[in-house]
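# Okay, sequence plus prediction incoming.
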Amino acid sequence: MHRVPALVLFGLTIVCAFATLIYSWQRWPGGSDEQKSLWRRAITACGISLVTAQAFLLVAFWVFNIYIGGWSNDYPLFKLWARIELVLFALALPCVLVGSARRKWWLLLSSTLLFGICFLVAISM
């Protein structure tokens, strides 16, 4: 009974992380981006790509963990996953902060939530 609120909160966090990423992708071809400089548009594209890579890495982790066999048999692969997730977050954070203001806060929220989810999974192993 004590685990139900924690699972609901964890589930809402995952839904919020993916919803904000999808919302950022939907707002991608914005009209005001043409007024921005080329380097800012390139940084924004890099940031949204890195956050999407974080999301795909989390999905790949869950598919591997649930359907293929779990991390108990392959701890070095788990460490590699955690390190890649940290590097993606460290690269995405400055790109998102420098990027376009229309998507900045949604991408920042998504990246932070995805990193938080991965961090909580990593310390629970």
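In hand now; what should we look at? Residues are numbered from 1 along each chain as shown.
# What are the buried residues along the longest helix along the chain?
Ranked by residue count and defined by DSSP state H, the top helix of the chain is helix 38-63. For helix 38-63, the neighbour count (16 or more other CB atoms under 10 Å) marks 43-44, 46-48, 50-55, 58, 61 as buried. All C-beta spots, glycine's among them, are computed from the backbone N, C-alpha and C.
# Downstream of it, the next helix or strand is which one?
helix 75-98 (DSSP states H and E).
# So what's the residue count around residue 94?
12 (other CB atoms under 10 Å).
# cool, residue 99 as well?
24.
# if you skip the residues just before and after it, what's nearest to residue 53?
Nearest residue to residue 53 in three dimensions, chain neighbours excluded: residue 88, at 5.5 Å (CB to CB, 6 or more residues apart in numbering).
# Which strand or helix spans residue 23?
Short version, using DSSP H and E: residue 23 is in helix 3-26.
# Mind listing residues that contact that helix?
48, 51-52, 55, 103, 106-107, 109-110, 113-114, 116-117, 120 (CB atoms under 8 Å, 6 or more residues apart in numbering).
# which of the residues in it are buried?
Buried, per 16+ other CB under 10 Å, within helix 3-26: 17, 18, 20, 21, 24.
# now, among the residues you listed, which is nearest to residue 95?
residue 24 (12.5 Å; CB to CB).
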